[in-house]
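Peer 1: quick one: sequence and predicted model below, then my questions.
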Amino acid sequence: MSRENLTRWTLVVGLLGSGLVFGAPPAKPAPTKEMLEKAKTSFTRNCAACHGEKGDASGQMAAVLVPKPRNFLKDPFKKGNKPEEIFQTLATGIPGSTMVAFTQLPEEERWALAYYVNELQKPGSVLGGNKPKGGKGKK
Ligand code: HEC
C-alpha cells in the first residue's frame, strides 16, 4: 500500500470511528414476530380507542374527534409512514390534535408500535388489517 493510500484509509477509519462515538443514530431494533405480538396488546390498550382495533379509525372516539384519527389502511401520513418516522411521531405527537406523544411508553414498545402500524398498512398484512382485494386471501 502506498503512503498516500495509507493516509486515506486512516482518515476513513477515523471518520467511521468518530461517527460511532458522536453521531450514533437511535438504535432501531429489527422487528420480530414476538415484538409485533406485544405491539398488538399495546395497540389495543393505547391506540385502538381512536384508531380502531384494525387501524381503520373505527374507534369509539373517532366519531367525535377533529381532526379525525388517521385511518392507517388508507389515509396518507403527514409525518411519513416508515417505522422510524412513526417512531418519531410517537415521540412528539401531532400538535393541534388529540394525537399526543407517547414517551411514557418505553422506547422498545414505541418501536414495536411503529412496526405494527407500518405492518397494518401493507396490503395482505399478516395482521389482517388490509385484506387483499378480490382474491381468496393468503393463509
Ligand atoms: C385520543 C385519540 C388518539 C389516540 C389514543 C392515539 N391517536 Fe394517533 N392520531 C390521532 C389523531 C386525531 C391523529 C391525526 C392527527 C392529525 O391529522 O393532525 C392521529 C395520527 C396518528 C398517526 C399518523 C401520523 C401522520 O404522520 O399523519 C400515527 C402513526 C398515529 N396516530 C399512531 C398512534 C399510535 C401508535 C397510538 C397508540 C400508541 C395512537 N396513535 C394513539 C388520535 C389518537
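Peer 2: Yep, that arrived.
Peer 1: quick one: the helices in the chain?
Peer 2: All helices of the chain, identified by DSSP state H, fall at 3-22, 33-46, 48-51, 83-92, 107-121.
Peer 1: hang on, isn't Ser97 packed against Lys68?
Peer 2: No: contact criterion C-beta atoms under 8 Å: Ser97 and Lys68 do not qualify, at 9.2 Å. Yep, even glycine has a C-beta here, placed from its N, CA and C like the rest.
Peer 1: any idea which of the helices of the chain is most buried?
Peer 2: helix 107-121 (a mean of 21; mean count of other C-beta atoms under 10 Å).
Peer 1: near the ligand at all, it?
Peer 2: Yes: Helix 107-121 lies within reach of the ligand by C-beta under 6 Å from any ligand atom, at 113, 117.
Peer 1: contact partners of that helix?
Peer 2: For helix 107-121, the external contacting residues (C-beta atoms under 8 Å, 6 or more residues apart in numbering) are 26, 28-29, 31, 35-36, 38-40, 42-43, 46-47, 54-55, 72-73, 81-84, 86-87, 90-91, 102-103, 105, 125-127, 129-130.
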